[in-house]
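In: Sharing a model that was predicted from the sequence below.
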Amino acid sequence: MAPQKLAAGNWKMNGTLASLAEIDRLIADHPTPGCDVLICPPATLIHAMAARAGTALAVGGQDCHAKASGAHTGDIAAAELKDAGASHVILGHSERRTDHHETDAEVLAKSQAAHEAGLIAVICVGETEAQRDAGQTLDVIAAQLAGSVPDGARAANTVIAYEPVWAIGTGRTPTNDQIAEVHARMRALLTARFADGADMALLYGGSVKPGNAAEIFAIPHVNGALVGGASLKAVDFGPIVAALSAA
Ligand SMILES: O=C[C@H](O)COP(=O)(O)O
């Protein structure tokens, strides 16, 4: 079984109810895409988006708490995301690893919670520019995968997103060879550790746009993208969905 292709949009802290019109447009323009499509809006929009999208696309959260419930003001449990209509949750995004000092151990615990709640965990890894310059990229990725991906991970409940921190929102992307090198290493590590690691979807994220999507999707072991800025508008995200469908 080949990994499932996935075009995922991370709206980050952008979007109001009015933004759901973009979902209508995306579905109207791409009613039967040749890949899975996921949008992770702010938590306030998950329920309305899931209700609006029906089965046309999947909806996900951008983070969850490691515990199932309790006195954690401002946090959201994985089961609460699921209850609101989410099927996925992004975990360990670099903006959380950096801004909220999330460790691999915390990402691991959150991923376990997501799996227990029946969510697909989209686990993010990626090196900083300083780490790349120091030649540490592959070691950093290996350590993050080892520390963040739970033993219960399977192709059915886990997606890995490689997002170089320096490529996020900057308009800069690694070379195709650099993306290929990291994805090949991730595939080898996951295949060695998990029975169906060869089938786990691997995404690239960081300044994916309509203009570079097809080229990125042609790289071996790239099964889709985690898209930030270009996922906010159907006019931008639609061509990325189309490029992945055609890949
Ligand atoms: O989660 C998405 C990534 O942070 C990529 O963001 P970007 O496409 O705006 O660079």
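Out: Cool, the structure landed. Residues are numbered from 1 along each chain as shown.

In: What segments of this structure are strands?
Out: Secondary structure of the chain (DSSP state E): strands at 6-10, 36-40, 58-61, 88-91, 120-125, 158-162, 201-205, 224-227.

In: Using PDB, write out the CA atom coordinates for the fifth one.
Out: If I follow you right, that is strand 120-125. Taking C-alpha atoms only, strand 120-125 is exported to PDB below (Å, rounded to 0.1, in the frame of the first residue of the first chain):
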ATOM      1  CA  ILE A 120      -4.600  11.200  13.300                       C
ATOM      2  CA  ALA A 121      -1.500  13.000  14.600                       C
ATOM      3  CA  VAL A 122       0.400  15.200  12.100                       C
ATOM      4  CA  ILE A 123       3.700  15.300  13.900                       C
ATOM      5  CA  CYS A 124       6.100  18.100  12.800                       C
ATOM      6  CA  VAL A 125       9.900  18.000  12.800                       C
END
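
In: Is that strand positioned near the ligand?
Out: No: against the ligand, strand 120-125 shows no contacts by CB under 6 Å from any ligand atom, the least distance being 7.1 Å. For the C-beta atoms, the positions are set from N, CA and C on the backbone; glycine is no exception.

In: residues of the helix or strand bottoming out on mean pLDDT in the chain that come out buried?
Out: When each helix and strand of the chain is scored by mean pLDDT, DSSP states H and E, helix 94-99 comes last, with a mean of 93. Within helix 94-99, the residues that qualify as buried are 94-97, counting by 16 or more other CB atoms under 10 Å.

In: Same question for stretch 78-92.
Out: In stretch 78-92, counting by 16+ other CB under 10 Å, buried: 78-82, 84-92.

In: How far off centre is it?
Out: Offset of stretch 78-92 from its chain centre (CA atoms, centre = their mean, to the nearest Å): 13 Å.

In: Please shift the residue numbers so they start at 34 in all later answers.
Out: I'll keep to 34 as the first residue from here, and by that count the last item is stretch 111-125.

In: Endpoints of that stretch, how far apart?
Out: 14 Å (CA to CA, to the nearest Å).

In: Next to the ligand, which bits of the protein? Give me the list.
Out: Going by CB under 6 Å from any ligand atom, the residues of the chain near the ligand are 43, 126, 196, 201-202, 238-241, 259-263.

In: now do 5 Å
Out: 43, 201-202, 238-240, 259-262 (CB under 5 Å from any ligand atom).

In: now Thr191, nearest residue through space, not along the chain?
Out: Distance criterion CB to CB, 6 or more residues apart in numbering; nearest residue to Thr191, sequence neighbours excluded, is Ala154 at 5.3 Å.

In: so what's the residue in the chain that the ligand sits nearest to scoring on pLDDT?
Out: At 2.3 Å from the ligand, Gly261 is the closest residue in the chain, using CB to the nearest ligand atom. Gly261 carries a pLDDT value of 98.

In: longest helix in the protein, by residue count?
Out: Longest helix in the chain, counting residues (DSSP state H): helix 209-226.

In: buried sites along that one?
Out: For helix 209-226, by 16+ other CB under 10 Å, it's 212-216, 218-220, 222-223.

In: mean confidence score for that helix?
Out: 98.

In: before we move on, what about stretch 61-72?
Out: pLDDT averaged over stretch 61-72 gives 96.

In: if I look at Thr206, how far off is Ala61?
Out: 29 Å (CB to CB, to the nearest Å).

In: Compare the two (neighbour count), which wins?
Out: Thr206 (19 against 11; other CB atoms under 10 Å).

In: you'd agree that one is up against Gly239?
Out: Yes: at 6.1 Å, Thr206 and Gly239 qualify as touching, with contact defined as CB atoms under 8 Å.
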